[in-house]
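Novice: build me a structure from this.
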Amino acid sequence: MPVSWKSWASLLHISLLLCATGVVSEEVQLEPLNSTVLEGSEVRFNATVVGTWQIMTWTVQEFLVLTLSKTGDITPSSEQFSARFCSSDNSCVEFTIHNVTRSQSGSVTCTVQGNFGPKTAQLYVQESGAVSIVGGNMTVNQDQQVEFQCVTTAWFPVPTVSWTRNGAAVNSSLYNTTSVADGDSFNSTSILQFQAVSDTTVTCLATVPTLPNPQSSSVFLQVVPKPPDWTVLIAVVVSFGSAGLLAFLIIGIILCYKRRKEQKPNYQDDMRRVRSQSQLSGVNAASRKRGEDNTAYVPEDQTSVAPSDVIDRGFFQMPDIVNITHTGTGSSSTDNIGDESGFKKHRHVTIV
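Specialist: Residues are numbered from 1 along each chain as shown. Have a look, this model is predicted:
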């Protein structure tokens, strides 16, 4: 059946509209355009081709790593790279990099021969290093200030470091973390300080966004009860002892003062003592004035004495001499006077 020129015109119009809307245009759609993975893992990119194609190539950092055809022929540069069709019409290709390394970070480009043009995605590879707590397990006294140091090495990018105590997260204000570059990786040091109260399991954790579970290192802190502090008791005993000693001293001073005050004579006591002494002096003076009997005294008119009286009275014969002796401001004299009977009277005179 012949087709009129009007039908051809309509078909041409429809074709132009389809081209204008891009339905029959040739292009490549690449997903994802940015991918961040952990070193050693796998990364996948999907390329969907709109239009008819025959050959597709993949490059990593401008190095050709894989070639495939629509018929299913796949030629990788190494076992690290692979590809497969992800649609029944072979319009979708999945490209995989196995065991990705840090050196492969950068551009990943898919190119389809023809008028499709290349499509490029960016690959970012992170690296997890080592983490350890310096010094290992610790044993300290209760209430002692303790310090733990956690060291991370060979991480990219800078890891996020955190701490836990008995599984509970530690407030970030209790520890300090610093990082320094070491070639193409980073090393970090984190210091945690707190007061030891009881036995504790201390854990240091380090991670990067692509790491499924943080790397960790744990140590055990054993807390020994601190010995009794006798300082307070000694201070109390010394205080009470000092107070008691001071009290005894004050009491002793008061008692001594009272005793001295009681022993100190007052005016009435002095007068009473003087009166008593005066009375005693009067009695002694009277006795002195009365004198004692002189058994050897012989009256002047007596001319003879019995021998017994001489013996009893203590008479004795004296030579007929008179001795007078002066000494100092006073003088002493001894008079011996004889009478007819041959007896001598003996007198002593003291002149002052």
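Novice: low-confidence stretches in the stretch 201-350 of the chain?
Specialist: Applying pLDDT under 70 to the stretch 201-350 of the chain picks out residues 229, 262-270, 280-350.
Novice: ok, now with 80
Specialist: For the stretch 201-350 of the chain, residues meeting the criterion pLDDT under 80 lie at 226-233, 257-350.
Novice: ok, longest helix in this structure?
Specialist: When the chain is parsed with DSSP state H, its longest helix is helix 231-263.
Novice: quick one, phi psi at the residue lying closest to Thr207 once chain neighbours are set aside?
Specialist: Nearest non-adjacent residue to Thr207, counting by CB to CB, 6 or more residues apart in numbering: Pro214, 3.8 Å away. Where C-beta positions appear, they are placed from N, C-alpha and C, glycine not excepted. For Pro214, the backbone dihedrals are phi -60, psi 150 (criterion: degrees, to the nearest 10).
Novice: distance of Pro214 relative to Cys204?
Specialist: According to CB to CB, to the nearest Å, Pro214 stands 9 Å off from Cys204.
Novice: intersection of neighbour lists for these two?
Specialist: Residues touching both Pro214 and Cys204 (CB atoms under 8 Å, 6 or more residues apart in numbering): Ser162.
Novice: so between the two, which is more surrounded?
Specialist: Set Pro214 next to Cys204 and count neighbours by other CB atoms under 10 Å: Cys204 wins out with 27 against 17.
Novice: residues contacting the strand or helix carrying that one, please?
Specialist: Here Cys204, judged by DSSP states H and E, is contained in strand 200-207. Identification of contacts with strand 200-207 by CB under 8 Å, 6+ apart yields 128-129, 131-133, 148, 150, 152, 155, 159-167, 188, 190, 192, 213-221, 223.
Novice: wait, what's in contact with the closest residue to Val161 other than its chain neighbours?
Specialist: Sequence neighbours aside, Ser190 is the residue nearest to Val161 in space, at 4.4 Å (criterion: CB to CB, 6+ apart). Neighbour list for Ser190: Gln149, Cys150, Thr152, Val161, Trp163, Tyr175, Asn176, Thr177, Thr178, Cys204 [criterion: CB under 8 Å, 6+ apart].
Novice: run the last query once more with 7 Å
Specialist: When the contact criterion is CB atoms under 7 Å, 6 or more residues apart in numbering, the partners of Ser190 are Cys150, Val161, Tyr175, Asn176, Thr177, Cys204.
Novice: one more: Phe148?
Specialist: Shown in contact with Phe148 (CB under 7 Å, 6+ apart): Ile133, Leu192, Val202.
Novice: isn't the second one right up against Tyr175?
Specialist: Spelled out, that is Leu192. Yes - with contact defined as CB atoms under 7 Å, Leu192 reaches Tyr175; the gap is 4.1 Å.
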